[in-house]
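[1] Predicted structure and sequence below. I'll ask about it afterward.
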Amino acid sequence: MPDVYVAAGSNINPLVNLRTALTALKRRIGSFRQSRAYRNASQGFEGPEFVNLVIGFETELTLTEVLSILQAVEALCGRPRKAPRFAPRSLDLDLLLYGEMVCATPAVTLPRPDLVKRAYMLGPLAEIAPELVHPTLKQSIGELWRGFDQAAQPLAPVEF
């Protein structure tokens, strides 16, 4: 069974939307590990701060099934399917890793390319899976996080 890692973020009523999303995900996929939640500046556009976290779980679901669940949960939290990329959002669920799968399709690129460029993805992932080896870079997530310029993209823990 592959280990799956998903980044969850919101900057529109973030604590409510993230709680709703986690409850819905638990119903659909079962138990999961969860990082702390972190507040961080929006990336790529001016907007309210985001609250982000990462979850990890083992699954027998196919990649297509996981993506379908993530899209359904985003819709449940009010995110339109064709939402602009660089804009405030009620919920963003980004598939970071699906086991050791490496692929680039119109639906998904794995591992997620900006995983190693965004503190709000890499930091929380390193919190819950520091020994996990990145499928293409062949370094542990903990090593990648330690080498990341954390001061350039500060994360502030949030009570969640």
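    That came in fine, so what should we check first?
[2] My understanding was that Asp92 contacts Glu74; is that so?
    Yes: the pair Asp92 / Glu74 is scored as a contact, 7.2 Å apart, by C-beta atoms under 8 Å. Heads up, the C-betas are built off the backbone N, CA and C, glycines and all.
[3] I'd like the mean pLDDT over the lengthiest helix in the chain, please.
    The longest helix of the chain (DSSP state H) is helix 14-29. On average, the pLDDT along helix 14-29 is 98.
[4] Tell me which stretches of this structure form helices.
    For the chain, applying DSSP H gives helices covering 14-29, 63-76, 119-128, 141-146.
[5] now, of these, which is deepest in the fold?
    helix 119-128 (a mean of 23; mean count of other C-beta atoms under 10 Å).
[6] Can you pull out the residues in contact with that one?
    Outside of helix 119-128, the residues within contact range by C-beta atoms under 8 Å, 6 or more residues apart in numbering are 5, 7, 9, 33-36, 38, 40, 43, 50, 52-56, 94, 96, 112, 114-116, 132, 141-142, 144-145, 148, 150, 152-155.
[7] Give me the PyMOL select line for the residues you listed, limited to the buried ones.
    Buried residues within the contacts of helix 119-128, by 16 or more other C-beta atoms under 10 Å, are selected in PyMOL with:
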select buried, resi 5+7+9+34+35+36+38+40+50+52+53+54+55+56+94+96+112+114+115+116+132+141+142+144+145+148+153+155
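[8] Now, the contacts of helix 119-128 that are in strands?
    5, 7, 9, 33-34, 38, 40, 50, 52-56, 94, 96 (DSSP state E).
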